[in-house]
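*Asks:* Please work out how this folds:
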Amino acid sequence: MNTNSFTFKLNEEQQQALLQLLKSSKYLSATVPHTRIAVSIPDCRINLYNSGKLLVQGKAAQEWITFTLETEILKEATLGYEDLQDPEAIQPHMGIDESGKGDFFGPLVIASAYVDEGLVDKLRELGVRDSKKISSDNVALNMAREIRKILGDRCAMVTIGPRSYNRMYTKIRNVNKMLAWGHARAIEDLLEKVPDCPRALSDKFGPTHQIERALMDKGRKIKLDQRTKAESDPAVAAASILARAGFLFALKKMGKEHDFEVPKGASEKVRREAEKLVAYKGPGILLETAKCHFQTTDKVLAEVGYTRKDLPPAT
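*Replies:* Below you'll find the model as predicted:
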């Protein structure tokens, strides 16, 4: 992975200031599609895109960011100060995150990942970050493979397939409670491998007590934290990538089993694929492939001439 590549999101005022700075004769102009300006200096390329994204790459990228971008444009130190801003990030703990919650097709996957200071250093060298910031499925899959090499047995994954998911939802009727159950299982499973782990951190999706109530004896001894934007934590970021990779593998397997390319999300494209699948295999196929509490289910069934009454029981 390239650790000499950095991205920033600049507001309009910062963009204007950067445009003035990069007009200096020390910067060599370049032509890059979709940029407001693209320049280079020795061992460093700087592209400011129309979207406001700034991409800085090269062996000298960190030096330019530290001594030019942070001091003259951002007016704050951001690079290399993560441990001062969040000292708990490098202390032994596990992170938990999920993938598939907002996708009509496929399972709900929850992963947990353990880190300590040495593992955090290796993950940062790999460029581990929240999976939602990784636009390419292949990048996520490759990064997950490298994360597993680094962590070894210090990670765990819980996959709730569509049929189990639909059966659980019929009984629980609350996605956050199901998510809490999955988080608790991922914590318990990882504690079997790393029994001395003192703390678990996840993104805040509901009351902390929902996870606490689902934990068993081992899990109840661990300190449990939830916070917004927890994906900035290296353990949670690693778990998010592992969960996404698990979700992507499950979609691929489902596509082979049912002979169709499974789309992600809950878009119009997803709905059309679901309609074709139901027309070919009947309404019961949704219990095997989709999260049936989504409103998409009603729209798909209506389009093909069915109603929810035509769905078999989720058993």
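*Asks:* contacts, neighbours, all on C-alpha from now
*Replies:* Noted.
*Asks:* just checking, next helix/strand downstream of the helix or strand hosting Ala238?
*Replies:* Of the helices and strands defined by DSSP states H and E, Ala238 is found in helix 234-258. Following the chain from helix 234-258 toward its C-terminal end, the next helix or strand by DSSP H and E is helix 268-281.
*Asks:* Can you name every helix or strand that that following helix contacts?
*Replies:* Secondary structure elements in contact with helix 268-281, counted by 3 or more C-alpha pairs under 8 Å, 6 or more residues apart in numbering; DSSP states H and E, are helix 285-289, helix 295-304.
*Asks:* for the record, mean pLDDT for the first one?
*Replies:* It stands for helix 285-289. Along helix 285-289, the predicted confidence averages to a pLDDT of 97.
*Asks:* Kindly report the same for stretch 94-105.
*Replies:* Mean pLDDT, computed over stretch 94-105, is 97.
*Asks:* List the buried residues for that stretch?
*Replies:* When burial is assessed from 16 or more other C-alpha atoms under 10 Å, stretch 94-105 yields the following buried residues: 94-101, 103-105.
*Asks:* Select from those residues every entry located in strands.
*Replies:* Mapping the buried residues of stretch 94-105 onto strands (DSSP state E) picks out 94-99.
*Asks:* and Gly152, how many neighbours does it have?
*Replies:* Neighbour count of Gly152, defined by other C-alpha atoms under 10 Å: 10.
*Asks:* and it, how far is that from Leu119?
*Replies:* Distance, Gly152 to Leu119, by C-alpha to C-alpha, to the nearest Å: 11 Å.
*Asks:* what does Gly102 give?
*Replies:* Look at Gly102 and Leu119: by C-alpha to C-alpha, they are 30 Å apart.
*Asks:* now the angle between strand 93-99 and the helix holding Ala238, please.
*Replies:* Using axes from the mean of the first three to the mean of the last three C-alpha atoms, to 10 degrees, the direction of helix 234-258 lies 30 degrees away from that of strand 93-99.
*Asks:* what sits against the residue nearest to Gln91 when sequence neighbours are not counted?
*Replies:* Of all residues not flanking Gln91 in the chain, Asp116 sits nearest, at 5.3 Å (C-alpha to C-alpha, 6 or more residues apart in numbering). Contact analysis of Asp116 by C-alpha atoms under 8 Å, 6 or more residues apart in numbering lists 90-93.
*Asks:* Could you work out the most separated pair of those?
*Replies:* Comparing every pair within the contacts of Asp116 by C-alpha to C-alpha identifies Ile90 and His93 as the most remote, at 8.2 Å.
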